[in-house]
Structures are given as C-alpha cells and as structure tokens.
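sequence unknown, structure follows:
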C-alpha cells in the first residue's frame, strides 16, 4: 500500500515510522525542506523524536503536490491551523484520508473530518485518536488507539492497515465523538498543567480531570456525539495520558502557565504546536453556539485570551463548583 | 462535636488532623498502644505521615471501649480485614458511623457499610471516598471527596461536618457505587503498577485503566450500583489518582510485582496495608457469584493467588482484548 504522511512533527514521524514494515511504501512530507533533507540524511528526527532511529525504508518528499499525487492512503498529521489549507490539495483525491490531527476549526466549529468533507469530498475519511504519546509509539511501547469513520468499511480498512502487535487498533462509528474527545482533552490538559504548576497535588488534579471528562462529554453530546464514546480510549484514555504524563506538551504548557510564565514566551519557545491553545478558543465558541456550560474551558479561555491570571482562573473554577453543590 | 477516629494509619491520622479545627473534640484510636503513645508525645505520625505536625488538640485513646463510649460520630479508618471485628464494638451505638475504609469482605462480598448494617445496626452510616492521597490531605492540598449514604440527611450531615475550604465534600445517595468504586480501583491500580514495573509506558497504562473503569462499572452495576457513580470523584477520580500517582501504595505494590519481586517479600516489608491484595480475591469471588466478566481482576487474582507470572497475566489480558475485538 502506498501511504503519504503529511506532517513531519513527532506524531507524523512516529506513525510514518510504524507504517514502514516492508509491506507499505511510506513517504513523509513536511513543510520545512531543510529539516526534511536533514531527516533523510541522518535517519533521525532529532527535534521531535530524539534517539529514535528511523527506518531506511522511509522516504521523504519535500514537494506537496508530488506527495499527494498517487498514494492509496494519505495520513494527515499537520497542525490543525494548517489542516484546511493542506487538505485542499486533496480536492480531486478519491483514496483514503486519515486524520491524526486533534483540533477544532475556529468560527466553523468543524472537526478535521468535517473539513475533509469540504476539501477532499471524494475521499473516504477516518480519524485516528487515543492515548498515544508519539515518543512511546516511536519506541514500540504497546499502544491502543481508535480508528473512527462514519463508514464501517473504511474504519475496518484503516484498522487492518495500522494494526500491529504493539499498536492495537479498535474501531468506532462515532467519528464526531472520537474527534471531539481528542481535541477537547487538550484544553483540560492545560488546566491540569496549571494545577501542577501552582503546586497543587494529585488529589486536586484528579478532581479537576474527573470534571473535565464530564464537561467534554456534555459538549460532545450537544455536538452530536454519543456519550459512551467519551468513556473509551479516545475519550477517557487520551484524557488521562494527556493530563498525567510528564511527556504531554499541553499539560506542560499549562504547568509553565501555572508557574507564572507568559503565554507568548512559552509559545515562542515551543518546538511543537500546543493544540490546546487554539482549541480553547474554538471550543469556547462551540460551547457558546450550542449553549453548553463548560466551566473549565471557559476559565482556560479567559486565562489564554482575556489576560486572566491562571491561578485566579483555577480558584474561580473551584468556587463555581462549590456553588453548584 | 465529639468524634472518634478508629485507625491511626495514614488516612485515619490525616482525617483526624483535619477534623481538629477547634470546633470538634477529636480522639484517635489505634491498635498499637506504643505507637499511639509515641504519636501523642511527638505530635507526629512519623511512620505514615512523615514531616506533618499534628494538632495539639488531637487526643489519643489506646482503649477501644473508651474510644467508642461517647462520641457523636465514629470514623472508621481501619484495614478492611479488621473492620467487622472492630465495628462490632459499636453494636449498641446510635450515633453516626462513617467508613473511610476501602474494601470488600471475603465470602460475603459485603462493603464496609454492609458490615455496619450488621455490626452497628442502630447507627446512621455513610462512606467517605474519593481521590484523596492521605499525605496530601494532611498537608492541606485542595481535595474533593464524596460522602455517600442511603439516607440523604446523614450524607448532608457528614458533608457539613467534614467540609473545609481545602476539603470539599459532595454527597451521593449511591452508597453501593461509591464503596465499590473505592474498593475495586485498588485492584486496577495493582495492574497499572505491574504495567509500570514491566517498563511499559503511559500509553499502555492509559488503555489499561480505561478498560479498568469499564470493568469496575460492569461489576458495580451488577451489584446494584448506579452506572453514573463510576464517572464521578469516587469512581474515575479515585481510579486516576491511584493508578497515576507516585504516592499510591497499591500502584507501588504492583510496580514491584512487575519488576519481579515476590508478593510475600513486598507485603512483609510494607508499612501500610495494601488493600488491593485482599480485594482482588473478594472482587474475583463477587464477579463469579454475579456472573460478570472481569478480565483485569481475573488476571490480577491469578497473579496474586495462583502463582501466575505478572508479566504473563498482563500479556494474556492484552491477548484477550485483541480477541474480543
């Protein structure tokens, strides 16, 4: 199978690497030709996956039109803000497009597969989402993930293509629930990180994350998802790993916020996109549009976009909970 | 209010300390008179809560009959295996008994409040459960917990007596669900610890714990609990903290198992009771009695009581999941 992976960040590279098993022909495209040439030469992605040796079978292609010209499957692992633009190159494409990107488009409130329905209308689409730290996948740590599609045959095909002994793929037909779970957990992870940064303990964080899942489910169900999806790998599973792992970048971003660092300074120094940052804004918009109460998203939105002190945001969250009691 | 706390381990001492706010008269009883005398003298519980200064208002009482003679409220924080014996001293008692013990009685499958219905039939009973590492509570870290009782007035009274700015108490009428969530999560935490001890990563653990919550919910509902209870503080919240915190002793026990240490050696050296160890057996019995499939509990039971290699138990768990797919 000919596969093109678009996006040479941690997640795109880890998935491309995993797909290089001799049976597939895997090409990795990234937006930075210099970094891509360096990756091809060193067989390393030193910036995102330090210490991981990449397969000699992995090909790189700096030219986007060429990368999307002939594959059977395109795997999108680009930042959500670039998703519409890059996927618009697939307008005439009739193969499979799998989104590994977790985000919500501003203004439209679209998930990535919602965008694909416009930009790659002729393609069969699916999303891959679950508790999957890229670095662990690249190192072959046992991982489980969900492949979701509105079309069962597409979900089953993606499962077949991605399943490995150390990478178990389950299927779901609740595309909306799987995509929203993956996107929204990054906002809760920022709140969990603020909790860490303020020196609160695991008791506080567990209480916060518990309420976070309730909030994700409430918003997701209002947006058309099935409630049970949020109790699975792509909901609870992904939320836990993102809120508790030291390796999670959204949690790490929140931790630095909680310690008093400035948003702009953290983002300027970040090597990876912190998807929870734009998602806080689009999730807040979506909640407003659907008339859903989302206390954690509201407070994180205020901390990120209305200059609210993160410590005050967390304090107000607690006060709000006590009042609700 | 006169309160007697039975059990001078980490959790009993932390709760006794928290209750000493000047408005209550708090007495702590423990089974070891020498340790109790040392605690009274040093104002420290060096074994369980190192570095925490205890209130000068905290009284100690080495005599159990005297400890339970006149209180308005008895807080039980003894190991589950001693619960029936010690609570039988409350046979004529008509005040409030709150259980902070997390376990399931062997053979009967009783929760701690089920036992109280027999041993302290005249008392009003409630359970306190949630994501509450004792050491964090003793240090005043913000914590949230659930007070559950079949009687709403009792739950509300316990909430009122225990609520503090840094210790928020919510109420539930699903006593069975709150108690089973608190007991069963310790078995899942052992599995999570084995996962850690084998060097698996956070992806694996998140997938395991996600399935663990589904399993707890399935068994709990079969035993008469409400499904939503397991999505709350005393279900998901407690499960997360126990499976992810470095401070959790059940997770720590599992981690050492996963590294290849012998059960007997770990237990012999443990200063605290590892409640997940007996609970694995009584939960396994309960699941059998109710005809509920509990793959994780079954494998941990086999590792603890049938000499199964913990690594094989975890491997078989994964194989079973793949087959179910």
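Thanks, I have it. In this text the structure is predicted, and so the values were computed from the model without any measurement.

Of all the residues in the stretch 51-200 of chain A, which one is nearest chain B?
Closest residue of the stretch 51-200 of chain A to chain B, Cβ to the nearest Cβ: residue A:131 (3.5 Å). (C-beta placed from N, C-alpha, C; glycine too.)

Contacts only, for that residue.
Residue A:131 sits next to A:143-145, A:233, A:237-238, A:240-242, B:202-203, B:206-207, B:210 when contact means Cβ atoms under 8 Å, 6 or more residues apart in numbering or on different chains.

please redo it, this time with the cut-off set to 7 Å
A:233, A:237, A:238, A:240, A:241, B:203, B:206, B:207 (Cβ atoms under 7 Å, 6 or more residues apart in numbering or on different chains).

roughly how far is stretch A:307-322 from the heart of the chain?
Relative to the mean C-alpha coordinate of its chain, stretch A:307-322 is positioned 26 Å out (Cα atoms, centre = their mean, to the nearest Å).

And for stretch A:252-270?
For stretch A:252-270, the distance to the chain centre is 19 Å (Cα atoms, centre = their mean).

Next: stretch A:269-278.
With Cα atoms, centre = their mean, you get 11 Å for stretch A:269-278.

and the end-to-end length of that stretch?
Using Cα to Cα, to the nearest Å, the end-to-end distance of stretch A:269-278 comes to 17 Å.

Output the set of residues of chain A in proximity to chain B.
Residues of chain A found near chain B (Cβ under 7 Å from any Cβ of the partner chain) are A:131-133, A:136, A:141-144, A:168, A:170, A:200-204, A:206-207, A:209-210, A:213-214, A:231-233, A:236-237, A:240-241, A:244-245, A:247, A:318, A:322, A:325.

Keep only those of the residues you listed that are in helices.
A:136, A:202-204, A:206-207, A:209-210, A:213-214, A:240-241, A:244, A:318, A:322 (DSSP state H).

Nearest to residue B:269, out of those residues: which one, please.
residue A:202 (23.9 Å; Cβ to Cβ).

Now tell me what touches the lowest-mean-pLDDT helix or strand in chain A from outside.
Ranking every helix and strand in chain A by mean pLDDT, DSSP states H and E puts helix A:310-324 at the bottom, with a mean of 82. By Cβ under 7 Å, 6+ apart, the residues outside helix A:310-324 that reach it are A:194-195, A:198, A:257-258, A:295-296, A:299-300, A:302-303, B:142, B:168.

will you turn those into TSV that also has secondary structure, pLDDT and distance to residue A:5?
Below are the contacts of helix A:310-324 laid out as TSV (DSSP: H, G, I helix; E, B strand; the rest coil; pLDDT from 0 to 100; distance: Cβ to Cβ, whole Å):
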residue	secondary structure	pLDDT	distance to residue A:5
A:194	helix	98	33
A:195	helix	97	34
A:198	coil	96	38
A:257	helix	97	31
A:258	helix	97	34
A:295	helix	97	37
A:296	helix	98	33
A:299	helix	98	36
A:300	helix	98	31
A:302	helix	98	37
A:303	helix	98	34
B:142	coil	93	43
B:168	strand	96	46
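
So which of those wins on neighbours?
residue A:300 (33 neighbours; other Cβ atoms under 10 Å in any protein chain shown).

Narrow the ones in helices among the residues of chain A next to chain B to just the buried residues.
A:136, A:202-204, A:206-207, A:209-210, A:213, A:240-241, A:244, A:318 (16 or more other Cβ atoms under 10 Å in any protein chain shown).

which residue packs closest to the residue nearest the centre of chain A, ignoring adjacent ones?
Note on chain A: the residue nearest the mean C-alpha position is residue A:102, at 2.9 Å, using Cα atoms, centre = their mean. Excluding the flanking residues, the one nearest residue A:102 by Cβ to Cβ, 6 or more residues apart in numbering or on different chains is residue A:182, at 4.0 Å.

State the helix or strand in which the closest residue in space to residue A:225 that isn't next to it in sequence lies.
Among residues not flanking residue A:225 along the chain, residue A:177 sits closest, at 3.3 Å (Cβ to Cβ, 6+ apart). Element membership for residue A:177, per DSSP states H and E: helix A:175-197.

Would you mark the buried spots in stretch A:51-59?
For stretch A:51-59, using 16+ other Cβ under 10 Å, the buried residues are A:52, A:54, A:58, A:59.

let me fix that: stretch A:151-165
Buried, per 16+ other Cβ under 10 Å, within stretch A:151-165: A:154, A:155, A:157, A:158, A:159, A:161, A:162.

How about stretch A:276-288?
Those would be A:276, A:277, A:278, A:279, A:280, A:281, A:282, A:283, A:284, A:285, A:286, A:287, for stretch A:276-288 by 16+ other Cβ under 10 Å.

Repeat that for stretch A:235-253.
Those would be A:235-245, A:247-253, for stretch A:235-253 by 16+ other Cβ under 10 Å.

Hmm, residue A:228 and residue A:174 touching each other?
No: the pair residue A:174 / residue A:228 is not scored as a contact, 8.1 Å apart, by Cβ atoms under 7 Å.

And the two? Which one has more around it.
residue A:174 (24 against 13).

where does the stretch 201-325 of chain A have low pLDDT?
A:322-325 (pLDDT under 70).

Off-centre distance for the least confident helix or strand of chain A?
27 Å.

angle of that helix against helix A:175-197?
Orientation check (axes from the mean of the first three to the mean of the last three Cα atoms, to 10 degrees): helix A:310-324 against helix A:175-197 gives 110 degrees.

mind listing what's buried in helix A:310-324?
A:310, A:313, A:314, A:316, A:317, A:318, A:321.

List the buried residues in the helix holding residue A:177.
A:175-197.

Strands along chain A, start to end?
Assigned by DSSP state E, chain A shows strands spanning A:2-6, A:25-29, A:59-60, A:73-76, A:96-99, A:124-129, A:143-148, A:167-172.

quick one: strands adjacent to the second one?
For strand A:25-29, the pairing partners within the sheet under DSSP bridges are strand A:2-6 (parallel), strand A:59-60 (parallel).

Of those strands, which stretch is the most buried?
Ranked by mean neighbour count, the strands paired with strand A:25-29 are led by strand A:2-6 with a mean of 25 (mean count of other Cβ atoms under 10 Å in any protein chain shown).

Now tell me what touches that strand from outside.
Here strand A:2-6 has contacts from A:12, A:15-16, A:19, A:24-29, A:67-68, A:70-78, A:86, using Cβ under 7 Å, 6+ apart.

Same check on stretch A:54-61?
A:16-17, A:20, A:22, A:26-29, A:36, A:39-40, A:43-45, A:67.

In ChimeraX, how would I select the buried members of those?
Selection of buried members from these for ChimeraX, criterion 16+ other Cβ under 10 Å:
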select /A:16,17,20,26,27,28,29,36,39,44,45,67
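
which residues touch residue A:238?
Counted by Cβ under 7 Å, 6+ apart, residue A:238 has contacts A:129, A:130, A:131, A:181, A:182, A:185.

nearest to residue A:123, of those?
Looking across those and measuring by Cβ to Cβ, the closest to residue A:123 is residue A:129, at 18.2 Å.

For the closest residue to that closest one other than its chain neighbours, report the pLDDT, please.
Setting aside the residues directly before and after it, residue A:129 is nearest to residue A:182 in space (Cβ to Cβ, 6+ apart), at 3.8 Å. Looking at residue A:182, its pLDDT stands at 98.

Against residue A:209, how distant is residue A:182?
16 Å (Cβ to Cβ, to the nearest Å).

I figured residue A:196 hits residue A:253, correct?
No: applying Cβ under 7 Å, one finds residue A:196 not in contact with residue A:253, separated by 11.0 Å.

from memory residue A:77 sits against residue A:12, does it?
Yes: Residue A:77 is within contact range of residue A:12, at 3.2 Å (criterion: Cβ under 7 Å).

Looking at these two, which is more packed in?
Set side by side, residue A:77 and residue A:12 show more neighbours around residue A:77, with 27 against 24, by other Cβ under 10 Å.

and the more buried one, what does it touch?
Contacts of residue A:77 by Cβ under 7 Å, 6+ apart are A:5, A:6, A:7, A:9, A:11, A:12, A:15, A:100, A:101.
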